[in-house]
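Trainee: attaching a predicted model along with its sequence, questions to come.
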Amino acid sequence: MNIIVLAKIIKQGGIDFDMKGAQIIKTNEPLVINEVEKPKPEGNQVLVKVVASGVCHSDLHLWEGGYAGPKGVFMKVEDRGVKFPLIPGHEISGTIEEVGKGVNNFNLGDSVLVYPWLGDRSCPACLSGEQNLCDNPRTLGIYQNGGYAQYVLIPDSKFLIKLDRIDFDSASSLACSGLTAYNAVKKAKPVPGLEDNHNIVIVGAGGLGLMAVQVAEAIYKSRITVIDVNDQKLAEAKKLGADNIINTKEKQDVVKEVKDLTNGSGTDVVLDFVNNNITSVNSFNMLRKRGKLIMVGLFGGSMELNLPMIPLRGYTLTGAYTGTFQDLTELVNLASDGKVRTVLDRRFSLNQVNEALHDLKNGKIIGRAIINPN
Ligand SMILES: [Zn+2]
Ligand SMILES: [Zn+2]
């Protein structure tokens, strides 16, 4: 051990603290930038030097400690296994800094995107390849330390995707909002033979909704209708490929609007990226027979269901939450081919992390805020 290292260890009281990370210590209190131990990769582990870490709405939920559930009940993240202090950040891109002895598929300095939705690798979800729905999730930035730090430890190199044709900032949010939109759109797949006359309604033209428009435009021939309350976002949706847009501030009977656009029958699929007590009811009521409602948004609340409608009209109600490693690989390919792009807003340093979260909370971020910790 050389003198400098020894001096540092003595200075820090016996532990070698050597990277900066932003920690949630207690919910609703400002994140604290602390010096923490820089992990040392072993076996198949990889240490990634973080270039970009996206700031996501679920980071806000973590910070606030939970989600709004039915009848005002607050669903606490700590009841679902989240432990503080925690370094959040699950939309991570960066370069390979150090690898364990078992890693031979990456070189130091390689540019990578991290697949953060890790599982226990033993439950039925993990065994069927859907570790994003693991019974005992180990997600980076939620259940273990994530990317609001200079470095992040990845448990296995197989959770990394090489980046060669897209930049770090654009790539990072593909790992969450992009992936969620991609997986949701995959669930909207038309029945073979009926691709030409297929309607998809997208509720909410925020980051996820706009990504969904691009993915649907890239992989299907479906007619895409986008619903929102903001003309600027709707105009963007149109630019990205939406065939119809509906502003519910002007046209309040949105179910009728959708029926008018579909010869009275309703839409094949609704992707509800808001999914609150108002949109969910409308989304349900605008389905055609055999229609599918895919609930994605986490705005919270509850809905009352007209139960006989579900069997009589053969509806499918399902949810979409992030996606698989395979989905992320496919999405990175689409982005690398220029078929989808993420909308970036502002860049923040690690020290500005609280400002970034406040701005997101107060609706001041259009697209994605990025933290560049190094
Ligand atoms: Zn699992
Ligand atoms: Zn996210």
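Mentor: Arrived safely, thanks for sending. Not measured: the values here are computed from a predicted model. Ligands and ions are numbered 1, 2, ... in the order given.
Trainee: rest of the way, CA atoms for contacts and neighbours
Mentor: Noted.
Trainee: model confidence score at Arg368, please.
Mentor: On the pLDDT scale, Arg368 is placed at 85.
Trainee: partners of it in the sheet?
Mentor: Arg368 has the following beta-bridge partners by DSSP bridges: Leu344.
Trainee: isn't Met211 up against Gly178?
Mentor: Yes - the criterion here is CA atoms under 8 Å, and Met211 meets it with Gly178 at 6.2 Å.
Trainee: those two: which is more packed in?
Mentor: Remark: of Met211 and Gly178, Gly178 carries more neighbours, 31 against 26, as counted by other CA atoms under 10 Å.
Trainee: residue ranges with poor pLDDT in the stretch 51-200 of the chain?
Mentor: 69-70 (pLDDT under 70).
Trainee: can you pull the residues that touch both of Met211 and Gly178?
Mentor: Overlap of the contact sets of Met211 and Gly178 (by CA atoms under 8 Å, 6 or more residues apart in numbering) consists of Thr342.
Trainee: who in the stretch 101-250 of the chain is up against ligand 1?
Mentor: 119-121, 123, 126, 134 (CA under 5 Å from the ion).
Trainee: next step: these restricted to helices.
Mentor: Counting by DSSP state H, the part of these found in helices is Cys126.
Trainee: quick one: the residues of the stretch 101-250 of the chain next to ligand 1 as TSV, columns for distance to Gly72 too.
Mentor: As requested, these are exported to TSV (distance: CA to CA, whole Å):
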residue	distance to Gly72
Gly119	30
Asp120	32
Arg121	35
Cys123	32
Cys126	32
Cys134	27
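Trainee: could you turn the buried ones of the residues of the stretch 101-250 of the chain next to ligand 1 into a ChimeraX selection?
Mentor: Buried members of those, defined by 16 or more other CA atoms under 10 Å, are picked up in ChimeraX with:
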select :119,121,123,126,134
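Trainee: just the residues of the stretch 101-250 of the chain next to ligand 1 that are near ligand 2?
Mentor: Counting by CA under 5 Å from the ion, no member of these is near ligand 2.
Trainee: from the residues of the stretch 101-250 of the chain next to ligand 1, which is closest to Asp345?
Mentor: Of all these, Asp345 sits closest to Gly119, with 30.8 Å by CA to CA.
Trainee: can you give me the distance of that closest one to Leu174?
Mentor: 19 Å (CA to CA, to the nearest Å).
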